[in-house]
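# Any chance you could fold what I've pasted below:
(2 chains)
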2 protein chains.
Amino acid sequence: MKQQPHVVIIGAGFAGLACAKALGNAPARVTVIDRANYHLFVPLLYQVATAALSPADIARPIRRILGRYKNVDVLLGEVTDIDTAVRWVKTSAGTVGPYDKLVVATGSIYSYFGHPQWMAFARGPRSLEDARAIRTELLTAFERADNAADPAERDRLMTVIVVGGGPTGVEMAGSVAELARYALARDFRHIDPRQARILLIEAAPRLLASFPQSLADYAQKELTRLGVTVMLGRPVETLTAKGATVGGQMIAAATIIWGAGIQAAPGVAMLGVPLDRAGRVAVGPDLSVPNLPGVYVLGDSAVTLDERGEPLPALAQVAAQQGDYIGRALAAQARGKTAPKPFRFHNRGNTAIIGRNAAVFDFGRWHLKGRLAWFLWALVHIYLLVGFENRLQVVAHWLWSYLTYERGARLIMPDAESPKRD
Amino acid sequence: MKQQPHVVIIGAGFAGLACAKALGNAPARVTVIDRANYHLFVPLLYQVATAALSPADIARPIRRILGRYKNVDVLLGEVTDIDTAVRWVKTSAGTVGPYDKLVVATGSIYSYFGHPQWMAFARGPRSLEDARAIRTELLTAFERADNAADPAERDRLMTVIVVGGGPTGVEMAGSVAELARYALARDFRHIDPRQARILLIEAAPRLLASFPQSLADYAQKELTRLGVTVMLGRPVETLTAKGATVGGQMIAAATIIWGAGIQAAPGVAMLGVPLDRAGRVAVGPDLSVPNLPGVYVLGDSAVTLDERGEPLPALAQVAAQQGDYIGRALAAQARGKTAPKPFRFHNRGNTAIIGRNAAVFDFGRWHLKGRLAWFLWALVHIYLLVGFENRLQVVAHWLWSYLTYERGARLIMPDAESPKRD
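As a prediction, this is how the structure comes out:
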């Protein structure tokens, strides 16, 4: 009997997980490597950062998701080296290989535009640790403001800056505003959390660059209604532990949240192939890496062009569709079938939420905003959440929050990795 | 108008919280100091440690609970000194006082019987950080066992030692056994988690010393049925990063969980009064500290005697009843009424859970075990959980786990404080 091909997948995000599922029960041995034991539903991380959901609500063990596929093995480990000559992947939990096919889907991290030192002062919601650290920062700032004797210091503690007017920045700013204005409103004796200053700073002249202008205008109007100060056309010049400088003006702020731009996570550089400015690999129409037979790069680690020659956006739906495409292609190959057609992205609609009853949804031809978009946003996110229990819990939390305006996960649990602050 | 008396409460556990609630809307200014921003439902911590519940399910912001009482202020801070001469409490968030009445309810920590170095190898579930660290240890050990080449190392990784046969030890051992035998059972390719060795070690000749013999026998039988090896009459002699020595025999184990004994948390020593061997203050029948007018010590920090001269056990119900007693007494004093009768504990029944459909309940006259005790245990704990949303979420998690045998919070999220391990 012919030996089954060995497919190694690095990363169990949307791309890697979809690839592994599509290879489930195919005539191939599959090894999924991830440094976390869970698949994370990143689009809802901002809700963990703002105390609306618990980490376990948006994370599910990779083993549990893939447990039904007997040909899929899961390894908890951090990849330390990839040797494409001998086809081995080295990890903190030992060496894996040789592989016949290698799928790299290591995702993205925040980009600080040439200012890596800013990371210490402005965390972005990219991992559960990030989200917990932001939650701790936000809640601690209000606790300290309640106890602050100096009015200037109290104002600084009650100022939150969100950098970046894309979907992440809009969602963070809206959610922080709702936290302060509703959930925390009546719980303090010496401050009024409704007076908190929340600033959303975007270098471009408008919010939500990837959405139609009408939806961006709506988002700006709704954020303003929630009490967010939207500052457009001005980039952040410096970030320190004290605050941010914008347009030459220093804004003192205890909490700074980053959502301004992403780059590929550093893992993909181990392939030793040319990378673009954002650290990504330009892959072919079948997502393969030029001159590296049997190696594929997907999701936020790759640049792929659509039929008009435009790069595809860094979205979960792109990653998931690419993972599914490669998984099916490799499964077909393992069954001795021919290679499939080039990858083609099918846009399922682009969405961002501002707050209760307020979201935008862009389907290309249709633009949706307001309560219906918000309801659709909720439905889609519940549908996409992995695991039936996660769905039930998230529905219960949302229903509760919607009815009571409360937030259920207001825990200050400092991590060692929290940003350095005064 | 006469100045209202200032009551300072240190600790928002069962005792401190009940005291603050009883003083709610009384003619007194109340300040509650705690180093966490949440009240923790400690009796369910073992379920966080074994991935059944999330931290936020059993924790609720102290501010939220006390928000309706306008005379109660909450301070997030660690107490660093108590000066009973000038009646000030110094904290990491500033000085509080002068107080007219001081209520010390700082709770308990695990006691390692003169071996403080054991703490590094055997964590007990006493805080959310503890519970998360134990969860990470347990889940990481199975991940590493799945990837271990050496059979002896694999066996060590799949061995869990629980030290102490009281309610905590019984609940931990039973819950770890269910985690391995049901939730993890089918998710690994190279190990069978059902083969995990779980040992419960107790120095005394029987389990559950505070329960009737028949209930202890039942607990032992049920644990054995779940696959737990119960070792009685043998104390742990040494603990290291490799495992434990019991009866001269070394048992290699990757995970050691402590539940063997408690002592008062060190905060109460700041009062400068004599302490017993477990660090507790012997208080009078009105819970006051001899020779320190206006100072009261409650809950696990105090020794109080029942009508037969026996010390009251370190239970949540004792702490809560004492807190309520002192809160009412101080409220009556503030209203100019006379001192109440001495504190008297009303036993509401003592309970421990072994696993699904298996618990014990001791009401003094009645002894209950099995499915009915388990159902009653669940009802009581849901009823006692603070906050309506917490109740709903816990019911949903339990129902889900009961129907599917799964555990929803299987997240490995290492903390800086995790025990040091090989």
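# Flag every residue of the stretch 1-150 of chain A that's near chain B.
A:36-38, A:54-57, A:59, A:61, A:63-64, A:67, A:70, A:73-77, A:93-94, A:128-129, A:139-140, A:143-144, A:147 (Cβ under 8 Å from any Cβ of the partner chain). In short, each C-beta sits where N, CA and C put it, glycine included.
# so who does the nearest residue to residue A:227 once chain neighbours are set aside touch?
Counting by Cβ to Cβ, 6 or more residues apart in numbering or on different chains, the nearest residue to residue A:227 once its immediate chain neighbours are dropped is residue A:177, at 5.4 Å. Residues in contact with residue A:177 (Cβ atoms under 8 Å, 6 or more residues apart in numbering or on different chains) are A:198, A:223, A:226-228, A:355.
# Residue A:177 should be in a helix, yeah?
Yes. According to DSSP: H, G, I helix; E, B strand; the rest coil, residue A:177 belongs to a helix.
# Which residue does the stretch 201-350 of chain A have closest to chain B?
Among the residues of the stretch 201-350 of chain A, residue A:254 lies nearest to chain B; the distance is 14.5 Å by Cβ to the nearest Cβ.
# Report the contact partners of that residue.
Under the criterion of Cβ under 8 Å, 6+ apart, the neighbours of residue A:254 are A:137, A:141, A:144-145, A:156-160, A:421-422.
# Can you give the distance of stretch A:354-368 from its chain's centre?
Here stretch A:354-368 is found 19 Å from its chain centre; the criterion is Cα atoms, centre = their mean, to the nearest Å.
# And for stretch A:96-107?
Between the centre of stretch A:96-107 and the centre of its chain there are 22 Å (Cα atoms, centre = their mean).
# average pLDDT for that stretch?
Mean pLDDT, stretch A:96-107: 96.
# measure that stretch end to end?
End-to-end span of stretch A:96-107 (Cα to Cα, to the nearest Å): 20 Å.
# Go through that stretch and flag the buried ones.
Buried residues in stretch A:96-107, counted by 16 or more other Cβ atoms under 10 Å in any protein chain shown: A:96-97, A:99-107.
# Pull the most distant pair out of those.
Considering Cβ to Cβ, no two members of the buried residues of stretch A:96-107 lie farther apart than A:100 and A:107, which are separated by 23.4 Å.
# the helices in the stretch 301-422 of chain A, which residues?
Taking DSSP state H, counting those that start in this stretch to define them, one finds helices in the stretch 301-422 of chain A at A:316-334, A:371-384, A:388-404.
# Burial-wise, tell me which of the ones you listed comes out on top.
Per residue and on average, the most neighbours among the helices of the stretch 301-422 of chain A fall to helix A:316-334, with a mean of 23 (mean count of other Cβ atoms under 10 Å in any protein chain shown).
# between it and helix A:371-384, how many degrees?
Compare the direction of helix A:316-334 with that of helix A:371-384 by axes from the mean of the first three to the mean of the last three Cα atoms, to 10 degrees and you get 30 degrees.
# Chain B contacts on the stretch 251-400 of chain A?
Applying the criterion Cβ under 8 Å from any Cβ, the portion of the stretch 251-400 of chain A that neighbours chain B consists of A:389-390, A:392-393, A:396-397, A:400.
# If we ignore the residues flanking it in sequence, what's nearest residue A:98?
Spatial nearest neighbour of residue A:98, excluding adjacent residues (Cβ to Cβ, 6+ apart): residue A:87 at 4.1 Å.
# go on, residue A:18?
Once its chain neighbours are removed from consideration, residue A:18 has its nearest residue in residue A:323; the separation is 3.1 Å (Cβ to Cβ, 6+ apart).
# is it true that that neighbour touches residue A:11?
No. Counting by Cβ atoms under 8 Å, residue A:323 sits too far from residue A:11 to count as a contact (9.5 Å).
# shared neighbours, the two?
Taking Cβ under 8 Å, 6+ apart as the contact definition, residue A:323 and residue A:11 share the neighbouring residues A:105, A:299.
# Residue A:324 touches residue A:18, doesn't it?
Yes. With contact defined as Cβ under 8 Å, residue A:324 counts as touching residue A:18 (4.4 Å).
# what about residue A:6, how many residues close to it?
Residues contacting residue A:6 under the criterion other Cβ atoms under 10 Å in any protein chain shown number 18.
# Any figure for the gap between it and residue B:137?
Distance, residue A:6 to residue B:137, by Cβ to Cβ, to the nearest Å: 31 Å.
# tell me the domain boundaries of chain A?
With automatic domain parsing serving as the domain definition, the record reports that chain A contains domains spanning A:6-35+A:77-110+A:262-334, A:116-260+A:356-404.
# and those as CSV, adding distance to residue B:330?
Supplementary listing: these in CSV, determined by distance: least, Cβ to Cβ, whole Å:
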stretch, distance to residue B:330
domain A:6-35+A:77-110+A:262-334, 51
domain A:116-260+A:356-404, 19
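# Out of the contacts of residue A:177, list just those in helices.
residue A:223 (DSSP state H).
# quick check, nearest of the contacts of residue A:177 to residue A:376?
Proximity to residue A:376 was ranked across those by Cβ to Cβ; first place goes to residue A:355, at 15.2 Å.
# Tell me the secondary structure at the closest residue to the closest one other than its chain neighbours.
Distance criterion Cβ to Cβ, 6+ apart; nearest residue to residue A:355, sequence neighbours excluded, is residue A:174 at 4.4 Å. State at residue A:174, reduced to three classes by three-state DSSP: helix.
# what does residue A:43 give?
Using three-state DSSP as the criterion, the local structure at residue A:43 reads helix.
# Please report how far the residue of the stretch 201-350 of chain A closest to chain B lies from residue B:37.
As for residue A:254, its distance to residue B:37 is 16 Å (criterion: Cβ to Cβ).
# Also residue A:276?
Shown here: residue A:276 relative to residue B:37, a distance of 44 Å by Cβ to Cβ.
# The two: which has the busier surroundings?
Comparing residue A:276 with residue B:37 by neighbour count (other Cβ under 10 Å), the higher total belongs to residue B:37, at 23 against 13.
# What sits closest to the more buried one if chain neighbours are left out?
Nearest residue to residue B:37 in three dimensions, chain neighbours excluded: residue A:412, at 4.4 Å (Cβ to Cβ, 6+ apart).
# per-residue pLDDT, residue A:420?
The model reports residue A:420 with a pLDDT of 42.
# which one is residue A:75 nearest to, not counting chain neighbours?
When the adjacent residues along the chain are set aside, residue A:75 lies closest to residue A:33, with 4.8 Å between them (Cβ to Cβ, 6+ apart).
# angle of the helix or strand of chain A with the lowest mean pLDDT against helix B:388-404?
Taking mean pLDDT, DSSP states H and E as the measure, chain A has helix A:388-404 as its least confident helix or strand, at a mean of 84. Direction vectors for helix A:388-404 and helix B:388-404, defined by the same axes, to 10 degrees, enclose an angle of 160 degrees.
# elements contacting helix A:388-404?
The helices and strands touching helix A:388-404, judged by 3 or more Cβ pairs under 8 Å, 6 or more residues apart in numbering or on different chains; DSSP states H and E, are helix A:371-384, helix B:388-404.
# Tabulate these (TSV), appending distance to residue B:243.
Listed next are the helices and strands packed on helix A:388-404 as TSV, based on distance: least, Cβ to Cβ, whole Å:
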stretch	distance to residue B:243
helix A:371-384	44
helix B:388-404	30
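# Out of these, flag the one nearest residue B:112.
Where the helices and strands packed on helix A:388-404 are weighed against each other on Cβ to Cβ, the nearest is helix B:388-404, at 30.9 Å.
# Need the contact partners of the closest one.
For helix B:388-404, with Cβ under 8 Å, 6+ apart as the criterion, the contacting residues are A:389, A:392-393, A:396-397, A:400, A:404, A:406, A:408, B:41, B:44, B:52-54, B:56-58, B:60, B:356, B:378, B:381-383, B:385, B:406-408.
# And stretch A:234-243, by the same measure?
Applying Cβ under 8 Å, 6+ apart, the set of residues contacting stretch A:234-243 from outside is A:115, A:118, A:120-122, A:156, A:159, A:161, A:163, A:201, A:203, A:244-248, A:250-253, A:256, A:260, A:420-422.
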